[in-house]
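Asker: coordinates only, sequence not included:
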């Protein structure tokens, strides 16, 4: 899918495949802008991968990023066979500890009502807001956690 719209000085291109070069240009532009205003750039990917011990293939994990004091969790997945054993809790704890080492004081994520909001709440995340989404009857929940507060006991 690609659709162009010409304007006086620019061409706007709507696409679902921007390509690595386009993404790099946008990332560099935002990075430069942020550095101008914040005085530094510290954006980094943060991932915790879960591998099958027999095949060494990645079967799940967490993908996120840290930037300007916030740890953003973009994706987290565990196969059903790894759920209910504390693996998700350990993944999140590892990622949060690394985020703190990088200077982050808060974490943020989106989940959907049929995904894992109760899991995140048990890990100390609180609801910040909701947005109605598909499938009908479900909502996307924005959750956040203060990483600078002492961990809850128990």
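Answerer: Nice, thanks for sending it over. Since this is a predicted model, take the numbers as computed values, not measurements. Numbers count the residues shown, from 1 in each chain.
Asker: I'd like to know how many residues surround residue 21.
Answerer: Look at residue 21: counted by other Cβ atoms under 10 Å, it has 7 neighbours. Bear in mind the C-beta positions are built from the backbone N, C-alpha and C, glycine included.
Asker: rounded to a whole number, what's the mean pLDDT of the helix or strand it falls within?
Answerer: Using DSSP states H and E, residue 21 falls within helix 19-38. Across helix 19-38, pLDDT averages out at 94.
Asker: I'd like to check what contacts it. Which residues are they?
Answerer: Contact partners of helix 19-38, identified using Cβ atoms under 8 Å, 6 or more residues apart in numbering, comprise 41, 43, 67-68.
Asker: Tell me which strands the helix or strand just after that helix pairs with, and in which orientation.
Answerer: Following helix 19-38 in sequence order, the next helix or strand is strand 44-51 (DSSP H and E). Paired neighbours of strand 44-51 in the sheet (DSSP bridges): strand 58-67 (antiparallel).
Asker: Which residues in the partner strand does the neighbour count mark as buried?
Answerer: In terms of neighbour count (16 or more other Cβ atoms under 10 Å), strand 58-67 has its buried residues at 60-64, 66-67.
Asker: farthest pair in those?
Answerer: Comparing every pair within those by Cβ to Cβ identifies 60 and 67 as the most remote, at 23.8 Å.
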